[in-house]
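> sequence first, predicted model second:
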Amino acid sequence: MAQAHRLPSFLDHAESIRRQAAQYLFDYFESSCEGAMAVDGEARIVWMNEQYAQFLGLPDAEWALGRPVEEVIPQSLMREVVETGEPILLDIMQHGEHSPVVTRLPLRDAGGRVIGAVGFVLFDDPRSLQPVMTKFTRLRAELDAARRELSESRRARYRFEDFVGVSAAATEVKRQARRIAQGGATVLLLGETGTGKELVAQAIHAASARAGHPFVGMNVAAVPEGLLEAEFFGVAPGAYTGADRRGRDGKFKLAEGGTLFLDEVGDMPLHLQAKLLRVLQEQEFEPVGSNRVQRVDVRVIAATSRDLPAMVADGRFRADLYFRLNVLPITLPPLRTRREDLPALADALLARIGERNGGPRRSIAASALEVLAAYDWPGNVRELANVLERATMLSDRRRLEAVDFAGILAGAGPAARPPAAPAAAPAPAGAGPLAAAVAAAERDAIRAALAAAGGRKVEAARILGISRATLYEKLAQFDAGDPV
Ligand SMILES: Nc1ncnc2c1ncn2[C@@H]1O[C@H](COP(=O)(O)OP(=O)(O)OP(=O)(O)O)[C@@H](O)[C@H]1O
């Protein structure tokens, strides 16, 4: 029974169904479309239905038989189909006032030789295709916009002028970074969270010979470990099923010719450290699921808030990779060791906030700066920007006073408490819409956790009971200026 499909009677039966299907399909097409015709191997018309004859304005279909196709339809491409043996599946043919949508297929004999062609007029007007065309045009516009946005996001946003600081430590960072920008060597940026490592990385790229090429950033700690290798090196076509089956480029490929910023490189799993070392040394790698070596020309700027030498000593970070990365280290000083930068930073950040949110340009009073100077800033400049943004949202004063920071820095410890306010007591920190209060509470919790963890994000995430990735997401939202 299992072999029934090999029996001659079954094969006859199958062939008869196939023939009926072919006939039915042809009849259906012929009657439902606007016109149909066939030509022989010399492109002479051998058949045409009456609808088509009428459409073309001929006396009748028989009149066309035996004539070269161009004599009846001057712009026909049926001869091309016969000569090339290639179908023209969808085309718009100009015929007088009409622009019918047509399809043309070669006809072959049992030996595969082209013996003619058949053509159908699918619609007499391409407007019938309008819904499809509208959708196509919209999708293409969306794709173009997404591509533009992507290339925009691969451009460095910051330059050295954006790195604010007059202290000796800040000036030294800028001097070193400017010098390093000229060469092409790997750079290692060290410093606590929010000290400006990414800003400096972008500035180095923008001042380097690679400025015209992409700047691609990647936060190693924010990507789940299982996805890191694909994220870095890409995936070969066919390596995965589903959405990734066609393969995709990794960050190294995307950064070709430019700079790859690897944030939190200390969080890189050991097995990938070897692959990273190879790219740094040989400028080559293999995508996931491929053994074809790809070459890249990418400058790597790595950053970490971790103590890499201690990690090397513990065996959690490869010594050879550390030495390879540590050729040109730059340490960004924490904000609490350069409080003299606070006035200039507050000024620049208030200008940035004003530009983004609109409204009057705010300034900051000396009394308020005193309050800020007394605080420890575990989240460094990022935290300062967040605190200033909240103060501008909670206060209408154009010149922010100490009292405007009272509720905001209250959770930050006695050192940060402002002197007793002479003016009316400020509104409680939570007054306002619920979403804003929840967001503010979230920020306070994150700030407190970062303070307790001495600025180490992995530890702060543990205290908060959230994943590292979630913490990074929230910090990024704060950077993006999500209202709180
Ligand atoms: N010296 C500075 N002048 C002006 N803005 C700064 C400075 N340093 C940091 N910032 C701002 O602070 C925010 C955080 O900076 P950045 O993301 O570069 O820090 P990071 O050290 O890379 O932090 P993380 O380690 O958490 O990724 C950004 O909005 C950045 O523009």
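Looks like it arrived, so ask away. Numbers count the residues shown, from 1 in each chain.

> would you mind giving both backbone torsions of the closest residue to the ligand within the chain?
Distances between the chain and the ligand by C-beta to the nearest ligand atom are smallest at Gly196, namely 2.6 Å. From N, CA and C alone the C-beta is placed, and that goes for glycine too. Per-residue torsions, Gly196: phi 110, psi 20 (degrees, to the nearest 10).

> also the one 10 residues further on?
Backbone torsions for Ala206, taken as degrees, to the nearest 10, come to phi -60, psi -30.

> number of residues surrounding the residue of the chain closest to the ligand?
Gly196: 25 surrounding residues under other C-beta atoms under 10 Å.

> same question for the one 5 residues further on.
Other residues near Ala201 come to 26 when the count uses other C-beta under 10 Å.

> tell me who's in contact with it.
By C-beta atoms under 8 Å, 6 or more residues apart in numbering, the residues touching Ala201 are Val187, Leu189, Phe215, Gly217, Thr259, Phe261, Ile301, Ala303.

> pLDDT score assigned to the fifth one?
Read that as Thr259. For Thr259, the pLDDT comes out at 96.

> skipping adjacent residues, who's closest to it in space?
Residue nearest to Thr259 in three dimensions, not counting chain neighbours: His205, with 4.1 Å by C-beta to C-beta, 6 or more residues apart in numbering.

> so who does that neighbour touch?
Taking C-beta under 8 Å, 6+ apart, one finds Ala156, Ala181, Ala211, Phe215, Gly258, Thr259, Phe261, Arg299, Ile301 in contact with His205.

> now distance to the ligand too, for those, in TSV please.
TSV is the format used below for these (distance: C-beta to the nearest ligand atom, whole Å):
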residue	distance to the ligand
Ala156	12
Ala181	16
Ala211	18
Phe215	13
Gly258	18
Thr259	14
Phe261	9
Arg299	17
Ile301	11
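
> in helices, which of those residues appear?
Counted as lying in helices by DSSP state H, out of the contacts of His205, are Ala181.

> now, of the contacts of His205, which are buried?
Buried members of the contacts of His205, counted by 16 or more other C-beta atoms under 10 Å: Ala156, Ala181, Ala211, Phe215, Gly258, Thr259, Phe261, Arg299, Ile301.

> local confidence estimate at the closest residue to the fifth one other than its chain neighbours?
Of all residues beyond its chain neighbours, the one nearest Gly258 is His213 (3.3 Å), with distances taken as C-beta to C-beta, 6+ apart. What the model reports for His213 is a pLDDT of 92.

> swap in Pro433?
64.

> gap between His98 and Ala203?
61 Å (C-beta to C-beta, to the nearest Å).

> between the two, tell me which one has more neighbours.
Ala203 (23 against 15).

> hey, C-alpha coordinates of the strand or helix carrying that one in CSV?
Element membership for Ala203 (DSSP states H and E) is helix 197-206. Only the C-alpha atoms of helix 197-206 are listed here, as CSV (Å, rounded to 0.1, in the frame of the first residue of the first chain):
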residue,chain,number,x,y,z
LYS,A,197,33.6,57.9,29.2
GLU,A,198,31.3,57.6,26.3
LEU,A,199,31.4,61.3,25.7
VAL,A,200,35.2,61.2,25.5
ALA,A,201,35.1,58.1,23.2
GLN,A,202,32.8,60.0,20.8
ALA,A,203,35.0,63.1,21.0
ILE,A,204,38.1,61.0,20.2
HIS,A,205,36.3,59.5,17.2
ALA,A,206,35.1,62.9,15.9
